[in-house]
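no sequence for this one, just the structure:
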């Protein structure tokens, strides 16, 4: 079967699955075989951090082009508040369709943000423009098309410099550790290849499930990216795509915590990211699904479509030479030169990842001049790096070792 047709069938399956969950969950919502709801399902990021006994700080960071981004901080762990030595600063950047809540979606022992704080790090978590915690602008409302005229280009050009410089100024440090997942690595590759000043302020770049091309990707995300732009805009409009809503909060907290629906709900994750049920904490489904998805722009998906069909890691194509000239001073969108990245880079990828496909990562590795370390975890899928039960044993220790030694 043609990969695009197969992918569209997968989207239809995904939508059908969601509809059945909604319909059956509404009909049988009062069943007496409901799991106990995790309280974090109804909390915001600051509340989740505090719930687990950690100090929590929130800042609003303004970008050069007017976005106001929500940035969250865990300055220290539960048992090292009296540490006098300077703490390593670690910045965590989420991927597409999720928010910073993904780093604290599990209990402390299996959430990377909490593990880093307990290891003595000063942990910061960013939120990309357009996600649920970064929906403010000095001039535009989220109701306006201008608000949504962005892709990961703007995240790389504006969001990362504003956020990272704010953090470094706040902590009075010269450098920090950058850790990204999925599109959180994409924005970093774009930023570090074009902004040498920013690159010089990164000690190490940890890339989990990195993505700069999607030719070999599979599943519903690939199918979404493959939809022709005019059809995509007819279906979703020209502004926001898959935002956080009361519907997904209802599904997460009232439906998917019921045992009879839990495997169906988990299928939503597996179908998108790859199957690995043994490494998935079914008891946390209500938290995962009530906090995500967190939204992105239609233009961001159009940008990924351009990367798919051009087979190039390049800036957004504005559609005609005149517009490209206005944005880039050239008639075609510029390429992001991975060979220009001077940041020491560490990569982990999963052998069962549908989006950051192993073949894509294999193509990426030789293009990075400062690749310090690479490891493929054969049984990992796309979300195992975020939610995997065995993550504290599988790769957390390597991250902590490199932070301590580098």
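Sure thing, it's come through. Because the structure is a prediction, the values reported are computed rather than measured.

The most centrally placed residue in the chain and residue 174: what is the separation?
In the chain, the centroid-proximal residue (CA atoms, centre = their mean) is residue 95; its distance is 1.4 Å. Distance from residue 95 to residue 174, counting by CB to CB, to the nearest Å: 27 Å. Heads up, the C-betas are built off the backbone N, CA and C, glycines and all.

Give me the neighbour count for residue 364.
Neighbours of residue 364 under the rule other CB atoms under 10 Å: 24.

Which strands and helices lie in contact with whichever strand or helix holds it?
Per DSSP states H and E: residue 364 is located in helix 358-364. In this structure, helix 358-364 makes packing contacts with strand 345-350, judged by 3 or more CB pairs under 8 Å, 6 or more residues apart in numbering; DSSP states H and E.

With adjacent residues omitted, what lies nearest to residue 214?
Once flanking residues are discounted, residue 214 sits nearest to residue 308: 5.1 Å by CB to CB, 6 or more residues apart in numbering.

Looks like that neighbour contacts residue 212 (just checking).
No. Residue 308 is beyond contact range of residue 212, at 11.6 Å (criterion: CB atoms under 8 Å).

These two: which is more packed in?
residue 212 (21 against 17).

so who does the more buried one touch?
185, 186, 189, 307, 313, 336, 338, 360, 364 (CB atoms under 8 Å, 6 or more residues apart in numbering).

So it versus residue 336, what's the distance?
8 Å.

Need the overlap of contacts for the two.
With CB under 8 Å, 6+ apart, residue 212 and residue 336 have common neighbours 189, 313.

on that earlier part again, need the contact list for the residue nearest to the centre of the chain.
Residue 95 touches 180, 181, 182, 183, 184, 185, 209, 211, counting by CB under 8 Å, 6+ apart.

Phi first, then psi, for the last one.
In this entry, residue 211 is assigned phi and psi values of phi -140, psi 120 (degrees, to the nearest 10).

my guess is it meets residue 183, correct?
Yes. The criterion here is CB under 8 Å, and residue 211 meets it with residue 183 at 6.4 Å.

which of the two has more neighbours?
Between residue 211 and residue 183, counted using other CB under 10 Å, residue 211 has the larger neighbour count: 31 against 25.

Once you drop chain neighbours, what's closest to the more buried one?
Closest to residue 211 by CB to CB, 6+ apart is residue 356, at 4.9 Å.

same thing with residue 78?
Residue 78 sits nearest to residue 53 (CB to CB, 6+ apart), 5.3 Å away.

Let me see the ranges of the strands in the chain.
57-62, 67-74, 89-93, 122-126, 136-137, 176-181, 202-208, 240-241, 296-297, 345-350, 371-377 (DSSP state E).

What lies in contact with stretch 54-67?
By CB under 8 Å, 6+ apart, the residues outside stretch 54-67 that reach it are 45-46, 49-50, 68-78, 81, 108, 114, 117, 129, 134, 136-140, 154, 158-159, 161-163, 166, 170.

Quick one: end-to-end distance for it.
End-to-end distance for stretch 54-67: 28 Å, by CA to CA, to the nearest Å.

Could you give me the buried positions within it?
Across stretch 54-67, burial judged by 16 or more other CB atoms under 10 Å covers 54, 56, 61, 63, 65, 67.

Of the residues you listed, which is the nearest to residue 124?
residue 61 (10.3 Å; CB to CB).

Show me what that closest one bridges to in the sheet.
Residue 61 has these beta-bridge partners by DSSP bridges: residue 69.

Offset the numbering so it begins at 577, please.
Okay, residue one is now 577; in that scheme the one you just asked about reads as residue 637.

Let me know the distance separating it from residue 870.
17 Å.

do residue 747 as well
Taken as CB to CB, the span from residue 747 to residue 870 is 26 Å.

Neighbour count: these two, which is higher?
Using other CB under 10 Å, the more surrounded residue of residue 747 and residue 870 is residue 870, with 25 against 17.

I figured the more buried one hits residue 705, correct?
No. Using CB under 8 Å, residue 870 makes no contact with residue 705, being 11.5 Å away.

Pull the number of nearby residues for residue 715.
10.

Report the contact partners of it.
642, 722.

repeat that with 7 Å
Residue 715 sits next to residue 642 when contact means CB atoms under 7 Å, 6 or more residues apart in numbering.

Please apply the same query to the one 3 residues further on.
When contacts are counted by CB under 7 Å, 6+ apart, residue 718 touches residue 711.

swap the cut-off to 8 Å and go again
Residue 718 touches 711, 724, 815, 816, counting by CB under 8 Å, 6+ apart.

hmm, back to that, could you list which residues are in contact with the residue nearest to residue 787?
758, 785, 786, 787, 793, 925, 926, 958.

Quick check: phi and psi on the third one?
Backbone geometry at residue 786, expressed as degrees, to the nearest 10, gives phi -70, psi 150.

count of residues packed around it?
Residue 786: 26 neighbours (other CB under 10 Å).

Which residue ranges of the stretch 727-876 of the chain form helices?
With DSSP state H, counting those that start in this stretch as the criterion, the stretch 727-876 of the chain has helices at 728-730, 736-747, 759-770, 772-775, 796-802, 805-812, 822-826, 835-849, 861-867, 874-886.
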